[in-house]
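Student: Predicted coordinates and the sequence they were generated for:
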Amino acid sequence: MTPSPEAIRSRLLADPNTPKLAEQLGVPLEKYVQQVVHFVQNPQEEPQLLVVEDEDLRAMGHEPPEIESLDHLLDEAVAVADLMERTDFTPAKKPLVSLTGLPETPVATPSAPARTDTSSDLDAQLRRGRFSSNQGK
């Protein structure tokens, strides 16, 4: 469940880093907070990418970045995104399907016979657990 816009807004404004981030981005604080609230509530939405010509950037007082530095920046962003998507809970990826190779046949594994009487084992484990925990007292 996504928190309410008011809750997100109050958490942002309570964070001392929020005004610093807005200032570093050159965005008024209120506009920055609105943008963050919007993207928290709509995580599937991508930010808009604006393309500006080099001459226009220079006219605005900014020097355009070098192509090599942009390439490096994109490589880092892809690497970070790749790391962020993998967790201990991410299922292993299945191998790609080959259109030219033959399908692999699954390997049969023998199954152990099912036990029907486990109550005596459980009782013994419980007794051992009780006695071992009371001995140290």
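Tutor: Looks like it arrived, so ask away. Every value quoted in this text rests on a predicted model; they were computed, and no experiment measured them.
Student: quick one: residue 67 and residue 74, what's the gap?
Tutor: 11 Å (CB to CB, to the nearest Å). (C-beta placed from N, C-alpha, C; glycine too.)
Student: do the same with residue 25
Tutor: Residue 25 sits 20 Å away from residue 74, going by CB to CB.
Student: ok, now residue 42?
Tutor: In terms of CB to CB, residue 42 sits 24 Å off from residue 74.
Student: same deal with residue 65?
Tutor: 11 Å.
Student: ditto for residue 18
Tutor: 27 Å.
Student: Which one of those two is surrounded by more residues?
Tutor: residue 18 (16 against 10; other CB atoms under 10 Å).
Student: Just the element for the more buried one, please.
Tutor: helix 17-25 (DSSP states H and E).
Student: how far off helix 17-25 does whichever helix or strand comes after that helix point, in degrees?
Tutor: Of the helices and strands lying after helix 17-25 in sequence (DSSP H and E), the nearest is helix 29-41. Interaxial angle, helix 29-41 versus helix 17-25 (axes from the mean of the first three to the mean of the last three CA atoms, to 10 degrees): 110 degrees.
Student: Tell me the helices and strands packed up against helix 29-41.
Tutor: Here helix 29-41 touches helix 5-14, helix 17-25, going by 3 or more CB pairs under 8 Å, 6 or more residues apart in numbering; DSSP states H and E.
Student: what's in contact with the lowest-mean-pLDDT helix or strand in the chain?
Tutor: Every helix and strand of the chain was ranked by mean pLDDT, DSSP states H and E. The lowest is helix 119-134, at a mean of 72. The contact list for helix 119-134 (CB atoms under 8 Å, 6 or more residues apart in numbering) is empty.
Student: Quick check: buried residues in the longest helix anywhere in the chain?
Tutor: For the chain, the longest helix by residue count, based on DSSP state H, is helix 67-85. Residues of helix 67-85 classed as buried: none (neighbour count, 16 or more other CB atoms under 10 Å).
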